[in-house]
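Engineer: From the sequence below, what's the structure:
(one chain, ligands or ions: 2)
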Amino acid sequence: MGYAQLVIGPAGSGKSTYCSSLYQHCEALRRRIHIVNLDPAAEHFDYPVSTDIRELISLDDVMEELGLGPNGGLMYCMEHLEDNLDDWLAEELENYLDDDYLVFDCPGQIELFTHVPVLRNFIEHLKRKSFNVCAVYLLDSQFITDVTKYISGCMSSLSAMVQLELPHVNILSKMDLVKNKKDLDYYLEPEARVLLSELNQHMAPQYGKLNKALAELVDEFSMVNFVPLDLRKEKSIQYVLSMIDNCIQYGEDADVKIRDFDPDADD
Ligand SMILES: Nc1nc2c(ncn2[C@@H]2O[C@H](COP(=O)(O)OP(=O)(O)OP(=O)(O)O)[C@@H](O)[C@H]2O)c(=O)[nH]1
Ligand SMILES: [Mg+2]
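Structural biologist: Ligands and ions are numbered 1, 2, ... in the order given. Prediction:
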């Protein structure tokens, strides 16, 4: 069995930086981890790339040969990946060991986790290969600077949740940029009543009903909880990683092995 994090989130939310910090963190702990680049548009990396979609297809070639723009070109590349799950990806996965831990650094185009089936099929493939997979959704901390951005961030995360149907960890990235930490509690544990009054203050009266529905959605399902991540702090990375590990049951087998060995038992 393998373990996998699918790192997703809007463009520029800090996915690749997170992958690189995670790599360093694990390296210091001598923990084996592999980062896979799934972004055909990526150009430089701060982590060793273990498998690279650019070996399958190049965005530049696609744009040039098919006359596509950057976003259309990216979608084409991802569809090409989808068509090659059973050969290219399957062959790449053969390079890993049974218990390996893979982190997939995904592109930021929101289409990928709203309506096109690429990632869904990708996940199905990983599951068939006995991977425990979890979605790690990164949202930039600038989304918590006002309530309308916050709601919009929640909705985009929610759309990934319903679309991908995976265990899902929401992370608020770039916490080093948050000046007023007090504002934070308010968004980390949102209360429908407070969200609603804030939304109503921001928006014209005809949105009242919609605001109420949105605030209740976020509150009642308590599905969109964000864990703050400050990459300057080792403890913060450690905490986020432990939550994700828990989600994909990483380390549980190891626990079992330790528990099986009972030093007090007579034999
Ligand atoms: N201050 C601060 N900046 C960050 C942090 N993480 C990422 N950034 C910056 O945010 C920008 C985007 O970061 P990336 O890691 O490339 O984001 P991404 O989500 O991989 O972007 P795409 O792959 O283009 O969707 C870069 O300029 C990073 O230096 C952080 O924790 N703190
Ligand atoms: Mg990136």
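
Engineer: In terms of helices and strands, where is Asn170?
Structural biologist: Assigned by DSSP states H and E, Asn170 belongs to strand 168-173.

Engineer: Does ligand 2 have contacts with that strand?
Structural biologist: No. Strand 168-173 lies out of reach of ligand 2 by C-beta under 5 Å from the ion, never closer than 11.7 Å. All C-beta spots, glycine's among them, are computed from the backbone N, C-alpha and C.

Engineer: Give me the distance from that strand to the chain's centre.
Structural biologist: 7 Å (C-alpha atoms, centre = their mean, to the nearest Å).

Engineer: so what does the following helix or strand past that strand touch, helix or strand wise?
Structural biologist: Per DSSP H and E, the first helix or strand lying C-terminal to strand 168-173 is helix 182-188. Counting contacts by 3 or more C-beta pairs under 8 Å, 6 or more residues apart in numbering; DSSP states H and E, helix 182-188 is packed against strand 226-228.

Engineer: Tell me the strands beside the strand it packs on, with direction?
Structural biologist: According to DSSP bridges, strand 226-228 forms sheet pairs with strand 168-173 (parallel).

Engineer: Can I get the partner strand as CSV, trimmed to CA atoms?
Structural biologist: Taking Å, rounded to 0.1, in the frame of the first residue of the first chain, the C-alpha atoms of strand 168-173 are listed here in CSV:
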residue,chain,number,x,y,z
HIS,A,168,-9.9,16.5,2.6
VAL,A,169,-7.6,18.8,4.6
ASN,A,170,-8.0,22.5,4.2
ILE,A,171,-5.0,24.7,4.9
LEU,A,172,-4.6,28.4,5.2
SER,A,173,-1.2,29.1,3.7
